[in-house]
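Student: sequence and predicted structure are below.
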Amino acid sequence: MSGEFAVETRSLTRSFGEVRAVAEVDLAVPRGEIYGFLGPNGAGKTTVVRMLTTLLLPTSGLALVAGHDISGEPNAVRMSVGAALQEAALDNKQTGRELLELQARLYGLKGKAIRQRIEYLEGLVDIGEALDRRIGTYSGGMKRRLDLAAALIHDPQILFLDEPTTGLDPISRVKVWDEVRRVNREEGVTIFLTTQYLEEADLLADRVGIIEQGKIVVEGSPADLKRSVGSDVVVVRIAGEMNATAEACRQIKGVESVEVHGQEMTLSVGEGSRVIGPVAVALDQSGTIAEEIILRTATLDDVFLHYTGARLEVDANVTKEDETWQ
Amino acid sequence: MAVTAVAGLAQVEGRSRGFVSDVSAVSHRALRSVLRDPETVLPGFIIPLFFFAVNTGALQDFVEAGGGIDYRAFQLPVAIVFAVTGPLSRAVTLVEDIQSGYFDRLMMTPVRRPALLTGLMAADIVLVIALSIPVLIGGHLVGVRFETGLPGAVVFVALAALWGLGYAGFPYAIALKTGNAAAVNTSFMIFLPLMFITPMFIPLEAMTGWMATVASYNPVTYLLASLRSIISEGWSIDVILKGLLSAAAVASVSMTLALLALKGRVSRR
């Protein structure tokens, strides 16, 4: 490992007693990238972030963050990274400005530099007039933005965001996304974010790693990942046996693969509009009555299903998936 | 990167600042929280004056009838010990920080770990002095005078402060060990015997039976004796020293526990 990456890990592993929360994770996140770590609750995302931000030691394996070893040089890592962990961890009795000042002091900034940095962050992250109010009076979205500013107070090279929008309403969520993009673009900060929201990973991340049970199952740009499961997807929900139906569908020209999960059959297809007719015919001929047939472009959820065998059942509820006939 | 254009950031590249700076930053925040949330320390101002009024009101004539005791001077040390024991600790704030994740935010900075505890204790010292003032004024108003004069009053407050800090170590230790507010509140189980199985109402010589035996092993007994001697006897060095050693012994036990608990809390294992 050379340190040319913002985050680089090799066989990074963390166990809690008998439980292996993170198992041999290899990561290589180039500087300047927005990397999305997608997975359900308990997949190990937070444990990875806690190791990379020096709160936890790995049980085995190596990690370099900004070129510094997380085990041996924690203070060098701390000076290089900022983090906003789950559920904006703030202190309601302080004002936003006081919190930022304290944070800045602990990173070693001094009077004038602190004022200038806060002034700069006021412009970057939309917290302006709320800064002199007590944090207890802030809305959820405002707290996340202050949290973001606190994470950026010492001008870190890498920003870790652990589920930055969990629990936020759709409007606040979009606003946080905007701030994250701006920080990435204007400050050149590498962003490592974890999320359980498909849309968030899709819209924000340059590359996405899907993690399940402590392991990375697949990694790539959202577009590449979606392409890997076909450009379009036909989802058929059927009550009853569907093996014969699935077999019939596999024979249809243009169907790349057919996967059956429970009462749901997912067909990866090249061009959906050409295939939907033959699929309907095949269903009819095999005597199957479909409860629902959906044709849409592939989403990260299909990617998730393809690689993990389960759907990521969280709905961020912002950009509804396009479920119309095309 | 565009960031280098932002003024003052070169300083961030350097090492984080010293221990004193960390302690000062942490203690400032703690004191600010107290000012914003005065009800957490309000009992510390009221309870000692209440006990002073009630104890002297109920027992003054009775005890003074035995002769040789100025009961108000006898009770003032009890009041100051009450003032600085218990309501002082920022342990509950510490629990809140641990539960909210704010403690983790602090831990992600290069702050020197012991400063997270010593910063709170530095704030506690300021509070002790603030809590001592109404007691001293109350005592003065009812005619209690220090045989040792102003220097005596200073030593009086310093001894009380040492005791208060020493006691606060227990709730800090519990807070850091458990991160649980209910567990912190169990520290009253240390508070009750320490405070009440003492010559709080009557002199040790007048106590009998098991109470007298237990009280003779209670460090607060010697603390009260030294505080009383500062008011009524003058500079009885051996008595003062006993009180100082008692308070210091308790402080060293509680601080060891608190520092061990801090070590466990900040451990990355």
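Tutor: Cool, got the structure.

Student: next, count neighbours for A:Gly67.
Tutor: Residues near A:Gly67, counting by other CB atoms under 10 Å in any protein chain shown, number 18. From N, CA and C alone the C-beta is placed, and that goes for glycine too.

Student: which residue does the stretch 1-150 of chain A have closest to chain B?
Tutor: A:Ala113 (2.8 Å; CB to the nearest CB).

Student: check which residues of the helix or strand harbouring that residue are buried.
Tutor: Using DSSP states H and E, A:Ala113 maps to helix A:111-124. The neighbour-count criterion (16 or more other CB atoms under 10 Å in any protein chain shown) identifies A:113-115, A:117-118, A:120-122, A:124 as the buried residues of helix A:111-124.

Student: any chance of those in CSV, with pLDDT too?
Tutor: Compiled in CSV, the buried residues of helix A:111-124 are given as follows (pLDDT from 0 to 100):
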residue, pLDDT
A:Ala113, 92
A:Ile114, 94
A:Arg115, 93
A:Arg117, 93
A:Ile118, 93
A:Tyr120, 90
A:Leu121, 90
A:Glu122, 87
A:Leu124, 81
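
Student: after the helix holding A:Ala113 comes which helix or strand?
Tutor: Next helix or strand after helix A:111-124 toward the C-terminus (DSSP H and E): helix A:140-152.

Student: which residue does the stretch 151-269 of chain B have closest to chain A?
Tutor: Of all residues in the stretch 151-269 of chain B, B:Arg268 sits closest to chain A, with a separation of 4.2 Å (CB to the nearest CB).

Student: measure that residue to A:Arg10 for me?
Tutor: 19 Å (CB to CB, to the nearest Å).

Student: kindly report the residues of the stretch 101-250 of chain B close to chain A.
Tutor: Proximity of the stretch 101-250 of chain B to chain A (CB under 8 Å from any CB of the partner chain) is limited to residues B:101-102, B:104-111.

Student: out of those residues, who's the most crowded?
Tutor: The most crowded member of these, judged by other CB under 10 Å, is B:Val111 (28 neighbours).

Student: pretty sure that one is touching A:Leu106, no?
Tutor: Yes: assessed by CB atoms under 8 Å, B:Val111 is found in contact with A:Leu106 at 4.4 Å.

Student: ok, and the closest non-adjacent residue to residue 29?
Tutor: All of this refers to chain A. A:Val7 (4.1 Å; CB to CB, 6 or more residues apart in numbering or on different chains).

Student: correction: the question concerned chain B.
Tutor: Excluding the flanking residues, the one nearest B:Arg29 by CB to CB, 6+ apart is A:Leu102, at 5.4 Å.

Student: residues in contact with the closest residue to A:Ala150 other than its chain neighbours?
Tutor: Nearest non-adjacent residue to A:Ala150, counting by CB to CB, 6+ apart: A:Gln103, 5.0 Å away. Applying CB atoms under 8 Å, 6 or more residues apart in numbering or on different chains, one finds that A:Gln103 lies in contact with A:150, A:153-154, B:105, B:109.

Student: which element, helix or strand, includes the residue nearest to B:Arg29?
Tutor: helix A:96-106.

Student: where in the chain is pLDDT low?
Tutor: Just so you know, I chose chain A. For chain A, the stretches with pLDDT under 70 are A:1-3, A:313-326.

Student: meant chain B actually
Tutor: In chain B (pLDDT under 70), the answer is B:1-17, B:86-88.

Student: now the helices: where do they sit in it?
Tutor: B:10-13, B:19-36, B:42-65, B:71-84, B:91-100, B:102-107, B:115-141, B:149-178, B:181-185, B:188-196, B:209-217, B:219-232, B:237-266 (DSSP state H).

Student: quick one: the strands in chain A, in order.
Tutor: Secondary structure of chain A by DSSP state E: the strands cover A:7-16, A:19-29, A:34-38, A:60-65, A:68-69, A:81-84, A:158-162, A:190-195, A:207-212, A:215-220, A:232-238, A:255-261, A:264-269, A:290-297.

Student: pull up the gap between the residue lying closest to A:Arg173 once chain neighbours are set aside and chain B, please.
Tutor: Once flanking residues are discounted, A:Arg173 sits nearest to A:Thr165: 4.2 Å by CB to CB, 6+ apart. Note on A:Thr165: its distance to chain B, by CB to the nearest CB, to the nearest Å, is 16 Å.

Student: and for A:Thr165, the neighbour number?
Tutor: For A:Thr165, the tally of surrounding residues (other CB under 10 Å) stands at 26.

Student: next, the contact list for B:Ser226, please.
Tutor: Contacts of B:Ser226 by CB under 8 Å, 6+ apart are B:159, B:239-244, B:246.

Student: okay, those residues in CSV with neighbour count next?
Tutor: What follows is the contacts of B:Ser226, written out as CSV (neighbours: other CB atoms under 10 Å in any protein chain shown):
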residue, neighbour count
B:Leu159, 24
B:Val239, 17
B:Ile240, 22
B:Leu241, 12
B:Lys242, 18
B:Gly243, 27
B:Leu244, 19
B:Ser246, 23
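
Student: ok, of the residues you listed, which one's closest to A:Asn243?
Tutor: B:Ser246 (82.0 Å; CB to CB).

Student: shouldn't that closest one be in contact with B:Tyr217?
Tutor: No: with contact defined as CB under 8 Å, B:Ser246 does not count as touching B:Tyr217 (10.4 Å).

Student: before we move on, back to that, my guess is the residue nearest to A:Arg173 contacts A:Lys143. True?
Tutor: No: look at A:Thr165 against A:Lys143 with CB under 8 Å: they stay out of range, at 11.9 Å.

Student: before we move on, the earlier item: out of the contacts of A:Gln103, which two sit at the greatest distance?
Tutor: Most distant of those, by CB to CB, are A:His154 and B:Arg105, 12.4 Å apart.

Student: for B:Lys263, grab the count of nearby residues.
Tutor: 12.

Student: residues touching it, list them.
Tutor: The neighbourhood of B:Lys263, defined by CB under 8 Å, 6+ apart, consists of B:Arg113.

Student: again, 6 Å this time
Tutor: Counting by CB atoms under 6 Å, 6 or more residues apart in numbering or on different chains, B:Lys263 touches no other residue.

Student: distance of the residue in the stretch 51-200 of chain B that chain A sits nearest to from A:Gly277?
Tutor: Distance from chain A to each residue of the stretch 51-200 of chain B (CB to the nearest CB) is smallest for B:Gly101, at 3.2 Å. Using CB to CB, one gets 54 Å for the distance from B:Gly101 to A:Gly277.

Student: list phi and psi for the residue of the stretch 201-326 of chain A found nearest chain B.
Tutor: Residue nearest to chain B within the stretch 201-326 of chain A: A:Asp206 (17.0 Å; CB to the nearest CB). The phi and psi values for A:Asp206, taken as degrees, to the nearest 10, are phi -70, psi -40.

Student: ok, how many other residues are close to it?
Tutor: 15.

Student: again, but for A:Glu271
Tutor: Count around A:Glu271 with other CB under 10 Å applied: 12.

Student: ok, A:Arg311 next?
Tutor: Neighbours of A:Arg311 under the rule other CB under 10 Å: 16.
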